[in-house]
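# all I have is the shape, not the residue letters:
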Ligand SMILES: Nc1nc2c(ncn2[C@@H]2O[C@H](COP(=O)(O)OP(=O)(O)O)[C@@H](O)[C@H]2O)c(=O)[nH]1
Ligand SMILES: [Mg+2]
């Protein structure tokens with residue numbers, strides 16, 4: 001890759017993304033990841049150009065086959081003439097680092113396809129949950145004109161709940177070898193699934209898991225029970241049916257529900273960003289006040305009042 005003589009302006013970057021330029025998109029994604037000054041303005045400029053893509057979330061325990069499914073779905077959607085964006089949420093943990101590397105190698109075969117854009121996002125450790133960059137990255141892919149965006153989560157509790165507010169369609173993935181079904185029903189993950197995938201259908205027990213799920217929905221007497229689809233991600237079996245079900249869900253999505261989800265997402269987003277900034281500033285301010293408390297010039301109580309007034313803009 002040639003190095004650019006100078007940093008392209010924010011406007012050029014935004015224009016590039018809107019034109020579907022991969023390099024511009026990748027550059028902006030890096031700015032977002034690093035929280036570089038000005039990235040929010042670029043996102044602002046793109047915001048009005050988003051909302052067209054179908055955002056799909058894949059949730060489920062590690063090892064159930066989400067990456068393999070995502071990889072297979074790339075192919076299925078490409079055959080249908082759709083451009084695809086993949087957002088893989090990387091756990092920062094070195095434990096799973098190997099698996100991520102494996103995913104990258106596997107998906108590498110799509111590298112030459114201009115209709116495929118793959119990007120991984122690191123989770124931000126302590127904060128937990130979906131990296132707040134995830135939504136931004138998805139939005140950039142949306143703005144660059146991707147038809148379908150698939151977000152693969154790492155599959156730890158909070159992520160899976162948050163994915164429901166980011167994606168239009170959430171597919172909860174299960175596999176027979178993790179003894180998942182019952183556990184997942186307990187964990188409340190079931191509520192976020194718009195449809196359910198029983199992957200590794202080549203293994204014993206898959207039919208049982210699928211039946212358990214169907215029975216579960218039957219007992220709940222839900223009016224429109226979610227689809228349960230069996231797949232073998234490694235061979236591609238069931239992927240057409242899965243893509244059909246994903247598209248079908250999107251086409252028949254209740255606008256009210258979409259609006260609720262979007263509002264939940266935006267609410268969470270704003271609170272998260274504001275909190276993040278305030279916490280940083282507050283930490284600095286608290287640190288700065290320690291000396292004067294120690295020297296007897298102030299007290300913790302007075303400091304609380306002063307800081308509160310400062311941070312609430314004087315409206316206590
Ligand atoms: N037998 C079988 N193995 C699968 C299937 N799908 C995925 N796997 C394997 O399961 C392992 C974990 O898959 P991966 O996609 O990385 O799971 P993830 O952690 O959910 O992303 C890999 O070794 C895959 O090759 C399947 O349908 N059948
Ligand atoms: Mg994976």
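That came through fine. It should be emphasised that the depicted structure is a prediction, and the values quoted were computed from it without experimental measurement. Ligands and ions are numbered 1, 2, ... in the order given.

# how about the longest helix anywhere in the chain, which residues are buried there?
Taking DSSP state H as the criterion, the chain has its longest helix at helix 255-294. For helix 255-294, the neighbour count (16 or more other Cβ atoms under 10 Å) marks 261, 265, 268, 289 as buried. The C-beta positions use only the backbone N, C-alpha and C, and glycine is treated the same way.

# could you give the mean pLDDT of it?
In this model, helix 255-294 carries a mean pLDDT of 88.

# please give the element, helix or strand, for residue 120.
strand 116-122 (DSSP states H and E).

# helices or strands next to the helix or strand immediately after that strand in the chain in the packing?
Remark: after strand 116-122, the chain's next helix or strand is helix 132-143, criterion DSSP H and E. Identification of packing neighbours for helix 132-143 by 3 or more Cβ pairs under 8 Å, 6 or more residues apart in numbering; DSSP states H and E yields helix 10-18, helix 22-34, helix 39-47, strand 84-90, strand 116-122, strand 148-152, helix 157-166, helix 255-294.

# need the contact list for residue 203.
Each residue near residue 203 by Cβ atoms under 8 Å, 6 or more residues apart in numbering is listed here: 175, 176, 177.

# most surrounded residue in the residues you listed?
residue 175 (25 neighbours; other Cβ atoms under 10 Å).

# what is the neighbour count of residue 30?
That count, for residue 30 with other Cβ under 10 Å as the rule, works out to 12.

# how about it: what's its closest non-neighbour residue?
residue 36 (7.9 Å; Cβ to Cβ, 6 or more residues apart in numbering).

# name the SS class of that neighbour, please.
In three-state terms, and counting by DSSP: H, G, I helix; E, B strand; the rest coil, residue 36 is coil.

# around it, how many other residues sit close by?
Going by other Cβ under 10 Å, the residues that sit close to residue 36 add up to 12.

# measure it to residue 21 for me?
19 Å (Cβ to Cβ, to the nearest Å).

# and what of residue 122?
On the measure of Cβ to Cβ, residue 122 and residue 21 end up 24 Å apart.

# so what's the residue nearest to residue 110 when sequence neighbours are not counted up against?
Excluding its sequence neighbours, the residue lying closest to residue 110 (Cβ to Cβ, 6+ apart) is residue 116, at 4.1 Å. Residues in contact with residue 116 (Cβ under 8 Å, 6+ apart) are 74, 78, 83, 84, 85, 86, 110.

# make a markdown table from the residues you listed and add pLDDT, distance to residue 300 and neighbour count to it.
Listed next are the contacts of residue 116 as a markdown table, based on pLDDT from 0 to 100; distance: Cβ to Cβ, whole Å; neighbours: other Cβ atoms under 10 Å:
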| residue | pLDDT | distance to residue 300 | neighbour count |
| --- | --- | --- | --- |
| 74 | 96 | 56 | 23 |
| 78 | 97 | 61 | 16 |
| 83 | 97 | 56 | 20 |
| 84 | 97 | 54 | 26 |
| 85 | 96 | 49 | 26 |
| 86 | 93 | 49 | 26 |
| 110 | 78 | 57 | 18 |
